[in-house]
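Trainee: Sequence unavailable; structure follows:
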């Protein structure tokens, strides 16, 4: 039995197949070592790789995505308790062509009730109304590069913070990927989880409603079908001739007969 769970950023990791099977359906290759407990997927052009490497500590980085594109190299990682629905917003966007225009990130959050701040060094941050989830774009020095960090943390009551999960994103990533991730952070849409199958059950509300087994399986299969269709469309578009002009001349029938 599945339960509608809110807020999504505290619902726990979920099923990693939401991400891995979607990438596989889009043509990503499985380069995993069968003798090692991890998943290693590579995009068809080998410009992007995803690694899922579960460890004993669920708050450490389990997911890693790297881009080896010569035009733009970037790296990002996500803790084990990062809900797959939030991470999937980024990986799904990675499968699509970059949009012509990219939504602004901070207005997406503030329109959902988040508070926003910017300091004199250009560091920016936004906090969820519950005070647990936050997104920051920060730098150690104004002359240095920026980084993005999303965190779900709880106060220990003694001035410290207990980290529930953390995501680190490279500022060199295509902006539409960060925007897709931020939109997933701002979303109030619930996710489906088993009863108490969450790391912090006292922080979420769960109701016995929403899609169940067969409906969830059908929705997942629809996602896989859409990923396959999109991948075929991209392959066809990249396979089209890039040059234009008159067709090459061919011999006339009379010329052929005269040979």
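Mentor: Received, thanks. These figures come from a predicted structure and were not determined experimentally.

Trainee: residue boundaries of the strands in the stretch 101-250 of the chain?
Mentor: 115-118, 124-127, 133-138, 147-155, 161-170, 191-194, 205-207 (DSSP state E, counting those that start in this stretch).

Trainee: show me what contacts residue 206?
Mentor: Shown in contact with residue 206 (CB atoms under 8 Å, 6 or more residues apart in numbering): 3-5, 193, 195-196, 198. For the C-beta atoms, the positions are set from N, CA and C on the backbone; glycine is no exception.

Trainee: Buried subset of the residues you listed, written for PyMOL?
Mentor: Selection of buried members from the contacts of residue 206 for PyMOL, criterion 16 or more other CB atoms under 10 Å:
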select buried, resi 3+4+5+193+198
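
Trainee: When you compare pLDDT across the contacts of residue 206, which one is lowest?
Mentor: Among the contacts of residue 206, residue 196 has the lowest pLDDT, at 83.

Trainee: Spatially nearest residue to that one, not counting backbone neighbours?
Mentor: Excluding the flanking residues, the one nearest residue 196 by CB to CB, 6 or more residues apart in numbering is residue 206, at 7.7 Å.

Trainee: before we move on, what about residue 30?
Mentor: residue 41 (6.1 Å).

Trainee: you'd agree the one you found is in a strand?
Mentor: Yes: counting by DSSP: H, G, I helix; E, B strand; the rest coil, residue 41 is part of a strand.

Trainee: Next up, the contacts around it.
Mentor: With CB under 8 Å, 6+ apart, residue 41 has these contacts: 20, 23-24, 28-32, 49-51.

Trainee: please redo it, this time with the cut-off set to 6 Å
Mentor: 23, 28, 50 (CB atoms under 6 Å, 6 or more residues apart in numbering).

Trainee: now do residue 48
Mentor: residue 67.

Trainee: Quick check on it: phi, psi?
Mentor: Per-residue torsions, residue 48: phi -130, psi 140 (degrees, to the nearest 10).

Trainee: bridging residues for it?
Mentor: For residue 48, the beta-bridge partners under DSSP bridges are residue 67.

Trainee: Roughly how far does it sit from residue 27?
Mentor: Remark: distance between residue 48 and residue 27 (CB to CB, to the nearest Å) = 12 Å.

Trainee: same check, this time on residue 210
Mentor: 31 Å.

Trainee: so where's the chain shaky on pLDDT?
Mentor: 238-259 (pLDDT under 70).

Trainee: Just give me the longest helix of it.
Mentor: Longest helix of the chain, by residue count under DSSP state H: helix 213-239.

Trainee: Mind listing what's buried along that helix?
Mentor: Buried, per 16+ other CB under 10 Å, within helix 213-239: 223, 227, 230-231, 234.

Trainee: Packing partners of that helix?
Mentor: When contacts are defined as 3 or more CB pairs under 6 Å, 6 or more residues apart in numbering; DSSP states H and E, helix 213-239 sits against helix 17-25.

Trainee: Parallel or antiparallel, which strands does the helix or strand just after the helix it packs on pair with?
Mentor: Next helix or strand after helix 17-25 toward the C-terminus (DSSP states H and E): strand 29-30. Applying DSSP bridges, strand 29-30 is found paired with strand 39-42 (antiparallel).
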